[in-house]
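> Task: produce atomic coordinates for the following.
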Amino acid sequence: MDITLAVLAAGIGSRYGAGIKQLEHVGPSGEIIMDYSVHDAILAGFTKVVFILRREIFDDFLEAIGNRLETKLRALGVKCEYAFQDLPDPPAGRVKPWGTGYALLCCKPFLDGPFAVINADDYYGRHAFEKAYAFLSESSPRRPDRYGMIGFELLKTLSDAGGVTRGVCSVDGNGYLTNIVETRHIVKTPEGAAVREKDGSLRPLDRDSLVSMNMWLLTPSFPACLEEGFERFRANLKDPLNDEYLLPEIIDRRLQAGKATVKVLQTGDQWFGITHHDDCAWVTEAFRQLADRGVYPPDLYSGME
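Numbering: from 1, shown residues only. Take a look at the predicted model:
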């Protein structure tokens, strides 16, 4: 049975500016963030990788990473697949993709075992993938509704370049998710973190709060739930041009309805990611420091055969 990594790489990156943020070179040898995620997943034990893309960026993706990475993965015995996030029968005038829930639904044919889903432009750290693989390895057909999530400390996920959106989590005494709230405009402050309100005021947040960075650990029955839910979503659009079918909201609805449990696996690793164009400089420096400390070799995939 394959344990699969599904990589959400179809985002528009509307806050980023020119270019395709998922394909920015940030490593000392020209690596992009996806290189590190795939490397860490393979080391942890994942045996299949599915990249979810928009067709219009496919050629750029192959040039930046796909061609060389597919060759390396197949040499290591790791399967490599591509799924495309098309926009089926969109309402007149809509160009925006349907969101992360629909993106994951697009790779349903490849999700025949337990799987993790991540963002292409987030660096999660090696420990996150080790925890993910251990959890998914224990997945049982008798518990198709038992999900997991990697939780990060809020302060370790913020950007110096501007506000971000994070799924702020509430967790019970047994480590299970009870609620997740998508919170926008979170900024760094001298005290830690706060939400910048519409009037410009700052509402403090607990810097140690656990947040979701969209690293979910799911079962093979989940895509069928996505398919059923997407039909309801399409039938009840409030804003046909902008409404999105989003993974955190989908999972939270199942949680609140008693149809799922979500075990939160905390990691203390520092998150890196590219939300704003100005993030590139500090992310590049962070990867240089990791290389200098020997966390990653000059050739990421050397010695893995």
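
> quick one, strands of the stretch 201-305 of the chain?
Here the stretch 201-305 of the chain has its strands, by DSSP state E, counting those that start in this stretch, at 202-205, 210-218, 261-267, 272-273.

> Which one of the ones you listed lies nearest to residue 27?
Judged by CB to CB, the one of the strands of the stretch 201-305 of the chain that comes nearest to residue 27 is strand 272-273, at 11.0 Å. C-beta: built from backbone N, CA, C; applies to glycine.

> Distance from that closest one to the middle of the chain?
On the basis of CA atoms, centre = their mean, to the nearest Å, strand 272-273 sits 11 Å off its chain's mean C-alpha point.

> Check which helices and strands that strand sits against.
The contact analysis (3 or more CB pairs under 8 Å, 6 or more residues apart in numbering; DSSP states H and E) places strand 272-273 against strand 122-123, helix 279-292.

> quick revisit: just send the strands of the stretch 201-305 of the chain back as CSV, with mean neighbour count too.
Shown next, in CSV, are the strands of the stretch 201-305 of the chain (neighbours: other CB atoms under 10 Å):
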stretch, mean neighbour count
strand 202-205, 14
strand 210-218, 24
strand 261-267, 19
strand 272-273, 22
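
> Can you say which of those strands is nearest to residue 144?
strand 210-218 (9.7 Å).

> for the chain, longest strand please?
The single longest strand within the chain, with elements called by DSSP state E, is strand 177-189.

> strands paired with that strand, and their directions?
When pairing is defined by DSSP bridges, strand 177-189 lines up against strand 164-171 (antiparallel), strand 192-196 (antiparallel).

> residues of that strand that come out buried?
For strand 177-189, the neighbour count (16 or more other CB atoms under 10 Å) marks 177, 180, 183, 186, 187, 188 as buried.

> now the helices for the stretch 101-250 of the chain?
For the stretch 101-250 of the chain, helices defined by DSSP state H, counting those that start in this stretch occupy the ranges 126-137, 222-235, 247-256.

> List the contacts of residue 217.
By CB atoms under 8 Å, 6 or more residues apart in numbering, the contact list for residue 217 reads 114, 115, 116, 132, 135, 136, 147, 148, 149, 150, 265.

> try 6 Å this time
Residue 217 makes contact with 116, 132, 135, 136, 148, according to CB atoms under 6 Å, 6 or more residues apart in numbering.

> quick one: the nearest residue to the first one once chain neighbours are set aside and residue 65, what's the gap?
The reference is to residue 116. Nearest residue to residue 116, sequence neighbours excluded (CB to CB, 6 or more residues apart in numbering): residue 132, at 4.7 Å. Note on residue 132: its distance to residue 65, by CB to CB, to the nearest Å, is 21 Å.
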